[in-house]
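Asker: whatever this is, show me its structure:
(one chain, ligands or ions: 2)
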Amino acid sequence: MSKAYIGLGSNLGQPRQQLLSALAHLAHLPHSRLVSWSGIWQSPPMGPPDQPDYLNAAALLDTELEPLVLLEALQRIEIEQHRVRSLRWGPRTLDLDLLVYEQLILTTERLQLPHPGIPQRDFVLQPLAQIDAQLSIPRQGQVQQLLDRLPPQQLNCRLLEEAPERQTFDFQVTRGNNLTFRDHPAG
Ligand code: A4P
Ligand code: MG
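Answerer: Ligands and ions are numbered 1, 2, ... in the order given. Predicted coordinates:
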């Protein structure tokens, strides 16, 4: 089993539901176990400012999927949740980034590990710190140290809610593999 940390982001189409749905999908990935997940954080958009605020979270998987296979699985979840790729850093229903995979360093066109954007992004570091503040990111540093190094003007995200209970994103799989939540909290 390998440890893989996933970053989740959404700023369209009921972002909170998007994140819960993504957690549900992650919980049902084959050869994998969803071990822990963060709370839900809100932040202004990095990139074009004329888009809604983002909600972000992070998750830890134990997985037997190789990195590229896992990336493909993440992209299938994005598609399942109707993500249309358009503008770089533009609005999206769901963005899943493979942040860290064990201590692997990889630079290919399809996959960079660790994800290069982590040290500058409080909306990645804050949720990661809730899962494991001591996590060491190859060539970048320890999560808590990276957070401590961010200048105040780059600390813009706030905790909206603590890590949701598993039953909040528990679901029944229906026709077409769509997800139906048992409970639809507002958001
Ligand atoms: N790719 C390479 N390495 C990875 C990796 N480690 N994880 C490749 C995931 N994908 C990786 O990704 C483009 C290609 O990157 C993929 O096909 C994959 O093969 P994408 O998700 O289609 O493109 P993108 O997301 O538009 O671009 P980018 O640069 O990945 O954007 P980010 O870094 O994902 O940022 N503001 C706030 N507050 N919160 C956010 O979550 N997110 C973004 C998107 C912008 N602003 C934000 C947020
Ligand atoms: Mg991305």
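
Asker: so which bits of the protein are right by ligand 1?
Answerer: By C-beta under 6 Å from any ligand atom, the part of the chain that sits against ligand 1 consists of 9, 43, 45-47, 54, 56, 71, 85, 88-89, 95, 97-98, 110-113, 115, 117, 123. Where C-beta positions appear, they are placed from N, C-alpha and C, glycine not excepted.

Asker: quick one, which of the residues you listed are buried?
Answerer: Burial by neighbour count, 16 or more other C-beta atoms under 10 Å: within those this picks out 9, 43, 45-46, 54, 56, 71, 95, 97-98, 111, 113, 115, 123.

Asker: just the closest of these to E161, please.
Answerer: Using C-beta to C-beta, N56 comes nearest to E161 of these, at 12.2 Å.

Asker: you'd agree the closest one is in a strand?
Answerer: Yes - under DSSP: H, G, I helix; E, B strand; the rest coil, N56 sits within a strand.

Asker: among the buried ones among the residues of the chain next to ligand 1, which are in helices?
Answerer: Among those, DSSP state H puts L71, F123 in helices.

Asker: using CSV, lay out the buried ones among the residues of the chain next to ligand 1 together with pLDDT and distance to L146.
Answerer: Shown next, in CSV, are these (pLDDT from 0 to 100; distance: C-beta to C-beta, whole Å):
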residue, pLDDT, distance to L146
G9, 96, 18
S43, 96, 16
P45, 93, 21
M46, 92, 16
Y54, 95, 19
N56, 98, 15
L71, 98, 23
D95, 94, 20
D97, 97, 16
L98, 98, 18
L111, 98, 21
L113, 98, 16
H115, 98, 13
F123, 98, 13
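
Asker: which one of the buried ones among the residues of the chain next to ligand 1 is nearest to L104?
Answerer: Minimum distance to L104 across those is 5.0 Å, recorded for L113 (C-beta to C-beta).

Asker: tell me who's in contact with whatever residue of the chain ends up closest to ligand 1.
Answerer: For the chain, the residue positioned closest to ligand 1 under C-beta to the nearest ligand atom is G9, at a distance of 2.7 Å. Each residue near G9 by C-beta atoms under 8 Å, 6 or more residues apart in numbering is listed here: Y54, L55, N56, R92, L94, D95, D97, F123.

Asker: can you give me the strands for the protein?
Answerer: Along the chain, counting by DSSP state E, strands occupy 2-10, 32-37, 40-43, 54-63, 95-101, 106-107, 112-113, 136-137, 141-142, 158-161, 171-173, 179-181.
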